[in-house]
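Asker: Predicted model and sequence follow; I will ask about them next.
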Amino acid sequence: MGRWKLHHLGIEVRDLDRAVEYFESLGVGEFQPEVQWDNQTYYTDYKMRGKSPATTVKNRMRSLQLDSLLIELFQPIEGDSIHSEFLKSSGEGLSTIAFYVDDLERETARLVKNGFKVISSARTQKGAAFNYFDTRRFGNVLIELIQPAAR
């Protein structure tokens, strides 16, 4: 097994603006400016359960760096994504623990061999790649593995 390095915690929210206001009122820090992305301009080869979506998928996201931990808040705004599915099935809250890996293909093969399903995958326009795995059996949290773009 390759070394996994914690990258971020993903939290699903219904209203990104209210969630940011809430967390900032706690005094945890200031969130970075909003990023909006969709499967047609930000990603290449975006898939949900092995298939390209029939419609556009759009999400809003803001992140907060707390020491070495990155927290990302996601608000789905259009189409079916891991984020919208999680929000529908489980409500707001922690949905994802994401890790950087050196070899996404090798780690994916190992997890699939152990019975974990890839439920979403993509590459970014900049060359990074990710896979989400259905690991909700314990703790109701997904695992995301990310291979950064080559430098």
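Answerer: Right, received. Where do you want to start?
Asker: Going by neighbour count, which residues of the lowest-mean-pLDDT helix or strand in the chain are buried?
Answerer: Lowest on mean pLDDT, DSSP states H and E among the helices and strands of the chain sits strand 43-48, with a mean of 81. Using 16 or more other CB atoms under 10 Å as the test for burial, strand 43-48 gives 43, 46, 47, 48. Bear in mind the C-beta positions are built from the backbone N, C-alpha and C, glycine included.
Asker: Stretch 51-59 now?
Answerer: For stretch 51-59, burial by neighbour count (16+ other CB under 10 Å) applies to 53, 57, 58, 59.
Asker: so what's the third one up against?
Answerer: Residues in contact with residue 58, defined by CB atoms under 8 Å, 6 or more residues apart in numbering, are 36, 37, 38, 39, 76, 77, 78, 79.
Asker: 6 Å instead, please
Answerer: Residues in contact with residue 58 (CB atoms under 6 Å, 6 or more residues apart in numbering) are 38, 77, 78.
Asker: likewise residue 16?
Answerer: 60, 73, 75.
Asker: ok now the least confident helix or strand of the chain, how far from the chain's centre?
Answerer: 13 Å (CA atoms, centre = their mean, to the nearest Å).
Asker: re earlier: pLDDT check: weakest of the buried residues of stretch 51-59?
Answerer: Lowest pLDDT within the buried residues of stretch 51-59 is found at residue 53 (77).
Asker: Hmm, residue 71 and residue 9 touching each other?
Answerer: Yes. Contact criterion CB atoms under 6 Å: residue 9 and residue 71 qualify, at 5.3 Å.
Asker: ok so, going back, which among the contacts of residue 58 end up buried?
Answerer: Using 16+ other CB under 10 Å, the buried members of the contacts of residue 58 are 38, 77.
Asker: Show only the entries of the contacts of residue 58 found in strands.
Answerer: Residues from these lying in strands, with DSSP state E as the criterion: 38, 77, 78.
Asker: Return the item of these having minimum pLDDT.
Answerer: Per-residue pLDDT puts residue 38 lowest of the ones in strands among the contacts of residue 58, at 82.
Asker: From the contact counts, what lies against the least confident helix or strand of the chain?
Answerer: Applying 3 or more CB pairs under 6 Å, 6 or more residues apart in numbering; DSSP states H and E, we find strand 43-48 packed against strand 118-124.
Asker: buried ones in the next helix or strand after the strand it packs on?
Answerer: Scanning forward in sequence from strand 118-124 by DSSP states H and E, the next helix or strand is strand 129-133. Buried residues in strand 129-133, defined by neighbour count with 16+ other CB under 10 Å: 129, 130, 131, 132, 133.
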